[in-house]
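*Asks:* I'd like to go over a predicted model; first the sequence, then the structure.
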Amino acid sequence: MKKPWKTREVFVGSVGVGGDNPVRIQSMTTTDTKDVLKTVEQVIKLADAGCEIVRVTVQGKKEAIACEEIKNLLVQKGYKTPLVADIHFYPPAAMLVSDFVDKIRINPGNFADRRATFKQIEFEKTAYEKELERIEEKFAPLVLKCQSLKKAIRIGSNHGSLSDRIMSQYGDSPIGMVESALEYARICRKYNFHDIIFSMKSSNPKIMIEAYRLLVRSMQELNWDYPLHLGVTEAGGGSDGRIKSSVGIGSLLLDGIGDTIRVSLTEDPWHEIPPCKKLAKLAKKTATIIPVLEKKSPKETKFYPMITQRDILSDHFFDDLGFKMQLGRPENNRSTVDGVILTDDVSDYIALDKLKAIKDLGKKIYFIDSLEFSEKYTSSGFKKLFTNPQKAKKECVDAILLTMSEKTFHNDLIHFFEIQKQFPKNEIVIAFSSNSCDETSIVESSAILGKMILDYEIESFGLGLGLKTSSLQDQKELGFGIMQACRKKLFKTEYIACPGCGRTLFNLQEVSAKIKKETDHLPGVKIAVMGCIVNGPGEMADADFGYVGSKTGFIDLYVGKTCVKKSVHEAEAVEQLIKLIKEKGRWIEKPLV
C-alpha cells in the first residue's frame, strides 16, 4: 500500500495548483489571439462554465501584445481568470508575453530546437553538453524574468513534438518525454526557480500514463515535488474523446497523481469543462491509501454487456450485440461481444432460445441473480466462498463476478487482490454498472475500467448503463470504446484529432466530421487530423495516415511520419486522403445498411 503523492503548491495568478488544493480545471481558446474581442468572449464563456485556468496561443509578438489588451478587458469585466501563454518555436514571444499573463507554457521539444526531422543524430558527450548549454542560453532569460515577476512556467513535453536530439538519445518514448522535461527543469533549479508545473501529453493513453508515472518516480528519486497537469492530447471528439481522456487522466487520478487537468476535445472548448468536472469529482474520492501496482503479463480482455429480460425480448437483440445476421441466424463478427451478463429473470422461453444461440456460438453467459443457472459467484455470494475456498473448488466455480463502483473503488480493488490470491485459477469478471447513460457514466466507467484493464490486465469485464433506459448498442459501443482506448481491441477506425487553437488553419470540427463520415468503417486504421504542423508530424508516429494543415487553405498528407503529398488544396484534401488509404491497401468498401 502507498499514500497518494503530494506536490508543492504553485500559484498561477491567484489560483493555487498542487499542495492541498483541489484538482484544477483548464481549457484553451480556439480563436486567433490577435482577435481580442473574440478571445475575451471565449475566456468569459469558459470561466462561466467553471474553467479555472485558460490557455491562449501565442505564436509571435503580435499575439503577445494582444494578451495585454485581453487581460485588461477581462479585469474590466470582473474576471480574474489566470491566463497561460502557449509558446512553440519562438522564445522572444515568451519574453514579451510574460509581462501580461500568469503562466508560460513552453514545449521542451521545440522551445530552443527546430522542428524534428526524425533523423538519428550521433552526439559525443562534449557535443551533447554544448547542446544543453545552447538550451540554457535561450531558456535562462525567461526563467529569470518569470522569477522576478512571480510567474509560473509549465514545462509541457509532448509525445508528438520531441526534438531530434532527445529522440536520438532516448527514442520516441516516455523516457524521452521525461528527460526532455528534466533538462529544462534543471535549468530552472540552477537559478533557484521553483514555480514549475510539468505535463507529459500523448494521444495514446498508455504512453501518457507511463510517461507521468515515470516522471513521478524520477522526481521522487530526485526529491522534487512539482505539480502535474494531466491530459491526453489530440483525443478527438464525441464519446471517443471523452473515453480516451478518462482512461488516461482517470487512471492517474485514481493513483493520487495529478493537480490540474484538461480534457482536449475537437469541439467548442466549453464542452471540455463538464467531463473535467466529473474527473475532478472522481479524484476527490481517491482513498488516502492506494494499492501498489502489481505487474502482470498482458492478457486478452473480453467484454460482456449486462442485459435485462427486456433487452432479450428486443427484435434488435443480436444486432445490438454485434452479431452478423445471415438468413435469420446470428454469426460472429469483428464487433461481436464475448458473451453476456444477465441481470433479471431468464425463464421466458424466448429468452432461453436466444441465450442458447449465443452459447452455441462459443460465447459465455453469466448470471447475477439466478443461482440455479449460475456459472459464477457474485460479490454478495463471494463472502461465503472467501471464508471457505474449498467450497468453491468442490462446486467447480467457473468465474467470480466482482462488482465495482466509483464510490468504493479502492476497497473493491483490495477485494480484487484478495480474490486473486484465494482463487488464482478462476476467472474474475469485473462488473461495473451505472444508473444513467450519460457523460457521467462514460467518464466514470472509462476511468475505472480503463485502469483495471491497463494496470491489472483483467481478463473480463461487464458494463451496464441505465439498465432500464440505455440500449445494448450504447453499452457495446462504450465497452468496446474503452477497450480501443486501452489498445486491447481495435474494432473501429481510430481518430487522433487535435482540439484546435489559434494556430488552426482550417475548420477542424467540420473537416473532422467529414473525414469520419467517409472513413468510420475501417477497423484498426488510425487517422490523424491536425490543425497545424506544431505536433502534427510527431503524432503521425501513432497514426497510419495524417491530414495536417500546412498553410491557410492547404493540407499536407502523411503516411506514418512521412509527408507524401504537400500543399493539397483543402477542397480536394479529403478525397486525396481516401485515395491514399486505398493505395496503401487499407480500404474496405462500406457495408450496405
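*Replies:* Yes, it's here. Since the model is a prediction, treat every value here as computed from it, not as a measurement.

*Asks:* for the rest of this, base every contact and every neighbour count on C-alpha atoms.
*Replies:* Fine.

*Asks:* identify the residues contacting the spatially most central residue of the chain.
*Replies:* With distances taken as CA atoms, centre = their mean, Ser245 lies nearest the centre of the chain, 2.8 Å away. Ser245 sits next to Pro205, Gly231, Val232, Ala235, Val263, Ser264 when contact means CA atoms under 8 Å, 6 or more residues apart in numbering.

*Asks:* how much space between the nearest residue to the second one once chain neighbours are set aside and Tyr79?
*Replies:* By that I understand Gly231. Leaving aside its chain neighbours, Gly231 sits nearest to Arg262 (5.3 Å; criterion: CA to CA, 6 or more residues apart in numbering). From Arg262 across to Tyr79, the span is 20 Å (CA to CA, to the nearest Å).

*Asks:* among these two, which residue is more densely surrounded?
*Replies:* Neighbours per residue, other CA atoms under 10 Å: of Arg262 and Tyr79, the larger number sits with Arg262, 25 against 16.

*Asks:* want to throw the contacts of Ser245 into TSV with secondary structure?
*Replies:* Putting the contacts of Ser245 into TSV (DSSP: H, G, I helix; E, B strand; the rest coil) gives the following:
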residue	secondary structure
Pro205	helix
Gly231	coil
Val232	strand
Ala235	strand
Val263	coil
Ser264	coil
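
*Asks:* let's have these in a markdown table, adding pLDDT.
*Replies:* Below are those laid out as a markdown table (pLDDT from 0 to 100):
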| residue | pLDDT |
| --- | --- |
| Pro205 | 95 |
| Gly231 | 97 |
| Val232 | 96 |
| Ala235 | 89 |
| Val263 | 97 |
| Ser264 | 95 |
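
*Asks:* wait, isn't the residue nearest to Gly231 in contact with Glu272?
*Replies:* Yes: under the criterion of CA atoms under 8 Å, Arg262 makes contact with Glu272 at 7.4 Å.

*Asks:* what do these two both touch?
*Replies:* Ser27.

*Asks:* quick check: next helix or strand after whichever helix in the chain runs longest?
*Replies:* Longest helix in the chain, counting residues (DSSP state H): helix 125-149. The C-terminal neighbour of helix 125-149 among helices and strands, as given by DSSP states H and E, is strand 152-158.

*Asks:* pLDDT below threshold where in this structure?
*Replies:* For the chain, the stretches with pLDDT under 70 are 1, 117-118, 344-350, 369-397, 467-469, 534-541, 592-593.

*Asks:* change it to 50
*Replies:* 370-375 (pLDDT under 50).

*Asks:* any idea how it splits into domains?
*Replies:* Per automatic domain parsing, the domain ranges recorded for the chain read 10-284, 302-485, 494-583.

*Asks:* please enumerate the helices of the stretch 451-593 of the chain.
*Replies:* Using DSSP state H, counting those that start in this stretch, the helices assigned to the stretch 451-593 of the chain run over residues 472-485, 508-519, 536-539, 570-583.

*Asks:* so which of those gets nearest Asp338?
*Replies:* With respect to Asp338, and counting by CA to CA, the nearest of these is helix 472-485 at 10.5 Å.

*Asks:* the closest one packs against which elements?
*Replies:* Helices and strands touching helix 472-485, by 3 or more CA pairs under 8 Å, 6 or more residues apart in numbering; DSSP states H and E, are helix 238-253, strand 302-307, helix 317-320, helix 439-456, strand 460-465.

*Asks:* let's see it at 7 Å
*Replies:* helix 238-253, strand 302-307, strand 460-465 (3 or more CA pairs under 7 Å, 6 or more residues apart in numbering; DSSP states H and E).

*Asks:* measure how it sits relative to strand 302-307, angle-wise.
*Replies:* Per axes from the mean of the first three to the mean of the last three CA atoms, to 10 degrees, the angle that helix 472-485 makes with strand 302-307 is 160 degrees.
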